[in-house]
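**Q** Sequence unavailable; structure follows:
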């Protein structure tokens, strides 16, 4: 690999890390931002929702935009806009200004991931596509792990505004390296020959369809789903505009997104695998912090640290998976190992209880880290290596979009299940909580003996602390039952991943992705 190729890979990794870390770094700072800006939880959540919606809209059209504008100008312009809007978020005087700049940041960030992925794959010859996948996969896995940990540390020590301002030096360095190394490929020069007719209707239908779907998934549980008029309206946009968008894109001469690629079984089954992977990955990252918060009373920084060992395992195993692909090991076999590892992770999660230790959780995360290496690298490398030029960028955008949508579905599903299942388990347990029950009576009497605790907590009587102790134990058991039930359901969903894997038929072993220059 030449020195210029190494610089291109470096700037691509930096850009993808900027985007992925910023997707999760804000979550841990929301309580602090609420107090500082005088906002409610519902209002402040738009800081996350607005970013996610804007991000999802841009993902599938990033290749099209790069072709029209010129990929070099578009990519570096998006890094610059992302950096500037990050700083603007850090200096935002009120909530509405913050939300506005977060949406702009999401629009700029949506281009970074698929374009970075394409740039990395183009720097490697056909026999090293697995190595390219390992490099990109490490940035995708490290980002969600670093986000909460870094966000918690920065918020605790420097205030919530620092989580945005920290992007400034990294963004400047990425732009400088990009200016020196990145060049436009022939298919994305951005000249008049690339100025095709603008697909206005396609863009409008995409914004309404993807935007409505993403808003519904992000806000559905907090707004009580279809009891909310806004959620109903978003659902209407999603179910009408997305089919119309697909129909329109098959008819228009210069489509904003080449939906005809879905006729290719590699693309159709590949995005299905990515959607299921996102469902598992983002869903687990959403529910596990809730579990350790309830069980171990961890704060955001401690929770983030819990994910680091598993991510290190992923980073260590990915290069070996990439080399195995280069030596001709069956890609579908590697993906099967990854899916089996995911099922093993979920099984280990079903064994967790309110009495579990930290080592029990880490054991499951070690398996998860091992499994991810066998999914990210083979899925991305085997699919993208089948395409060249602008088509590779389009497929990359689709893969990232479906992983994000799958993740949003996973979070929405788990959030809803925690509420609905929790109510059911609480109703099932309460008839057994009676002083006529031997275990309840023992717990009550033990708590009644806590004279010092009663005084320290300001309870009116020993009976108050006894009843609260029993209530706390019931709530802990309700959550554990709901958590285990959710893990079983996710395992059932992930078993479906073997279906698109079975139908994944490669037309050719590997395409020399570097030929796209």
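**A** Happy to help now that I have it. Fair warning: this is a prediction, and the values are worked out from it, not measured in the lab.
**Q** so what's the backbone phi/psi at residue 94?
**A** Dihedral pair for residue 94: phi -150, psi 170, per degrees, to the nearest 10.
**Q** I'd say it and residue 39 touch.
**A** No: in this structure, residue 94 is not within contact of residue 39 by Cβ atoms under 8 Å, at 9.0 Å. For glycine as for every other residue, the C-beta is placed from the backbone atoms N, C-alpha and C.
**Q** So the two - more neighbours on which side?
**A** residue 39 (20 against 10; other Cβ atoms under 10 Å).
**Q** Does the more buried one touch residue 96 like I think?
**A** No: the pair residue 39 / residue 96 is not scored as a contact, 9.8 Å apart, by Cβ under 8 Å.
**Q** since we're on the residue nearest to residue 177 when sequence neighbours are not counted, how many residues are nearby?
**A** Leaving aside its chain neighbours, residue 177 sits nearest to residue 11 (4.5 Å; criterion: Cβ to Cβ, 6 or more residues apart in numbering). For residue 11, the tally of surrounding residues (other Cβ under 10 Å) stands at 26.
**Q** all helices in the stretch 151-300 of the chain, in order from the N-terminus.
**A** With helices called from DSSP state H, counting those that start in this stretch, the stretch 151-300 of the chain shows them at 162-165, 167-181, 200-219, 229-251, 265-295, 300-326.
**Q** I'd like to know which of those helices is closest to residue 419.
**A** Among the helices of the stretch 151-300 of the chain, helix 265-295 comes nearest to residue 419, with 11.9 Å by Cβ to Cβ.
**Q** For that closest one, give the mean pLDDT please.
**A** Across helix 265-295, the average pLDDT comes to 84.
**Q** Run the chain-centre distance for it.
**A** 8 Å (Cα atoms, centre = their mean, to the nearest Å).
**Q** Same check on stretch 247-254?
**A** The answer for stretch 247-254 is 30 Å, by Cα atoms, centre = their mean.
**Q** ok, and for it, which residues are buried?
**A** By 16 or more other Cβ atoms under 10 Å, the buried positions in stretch 247-254 come out as 248, 249.
**Q** which residues touch residue 265?
**A** 503, 504, 505 (Cβ atoms under 8 Å, 6 or more residues apart in numbering).
**Q** which of the residues you listed are buried?
**A** residue 504.
**Q** can I get the contacts of residue 265 in a markdown table with secondary structure and pLDDT?
**A** Formatted as a markdown table, the contacts of residue 265 follow (DSSP: H, G, I helix; E, B strand; the rest coil; pLDDT from 0 to 100):
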| residue | secondary structure | pLDDT |
| --- | --- | --- |
| 503 | helix | 85 |
| 504 | coil | 81 |
| 505 | coil | 79 |
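**Q** List just the nearest of the contacts of residue 265 to residue 267.
**A** So of those, ranked by how close each gets to residue 267 (Cβ to Cβ), first place is residue 504, at 10.2 Å.
**Q** give me the number of residues near the spatially closest residue to the closest one that is not a sequence neighbour?
**A** Leaving aside its chain neighbours, residue 504 sits nearest to residue 269 (4.5 Å; criterion: Cβ to Cβ, 6+ apart). Counted with other Cβ under 10 Å, the neighbours of residue 269 add up to 19.
**Q** pretty sure residue 269 is touching residue 498, no?
**A** No: counting by Cβ under 8 Å, residue 269 stays clear of residue 498, with 11.2 Å between them.
**Q** From residue 201, how far out is the residue nearest to residue 240 when sequence neighbours are not counted?
**A** Closest residue in space to residue 240, ignoring its immediate chain neighbours: residue 209 at 7.9 Å, by Cβ to Cβ, 6+ apart. To residue 201, residue 209 is 12 Å away according to Cβ to Cβ, to the nearest Å.
**Q** quick one: low-confidence parts of the stretch 301-450 of the chain?
**A** For the stretch 301-450 of the chain, applying pLDDT under 70 flags the ranges 425-426, 428-450.
**Q** no no, the stretch 1-150 of the chain
**A** For the stretch 1-150 of the chain (pLDDT under 70), the answer is 1, 41-42, 124-134, 137, 139, 141, 143-145.
**Q** swap the cut-off to 90 and go again
**A** By pLDDT under 90, the weakly predicted segments of the stretch 1-150 of the chain are 1-76, 78, 89-99, 102-103, 106-150.
**Q** got the contact list for residue 203?
**A** 61, 256.
**Q** Residue 81 too?
**A** Contact analysis of residue 81 by Cβ under 8 Å, 6+ apart lists 104, 105, 107, 108.
**Q** continuing past the helix or strand in which it is found, what's the next helix or strand?
**A** Using DSSP states H and E, residue 81 maps to helix 71-90. Downstream of helix 71-90, the next assigned helix or strand under DSSP H and E is helix 95-122.
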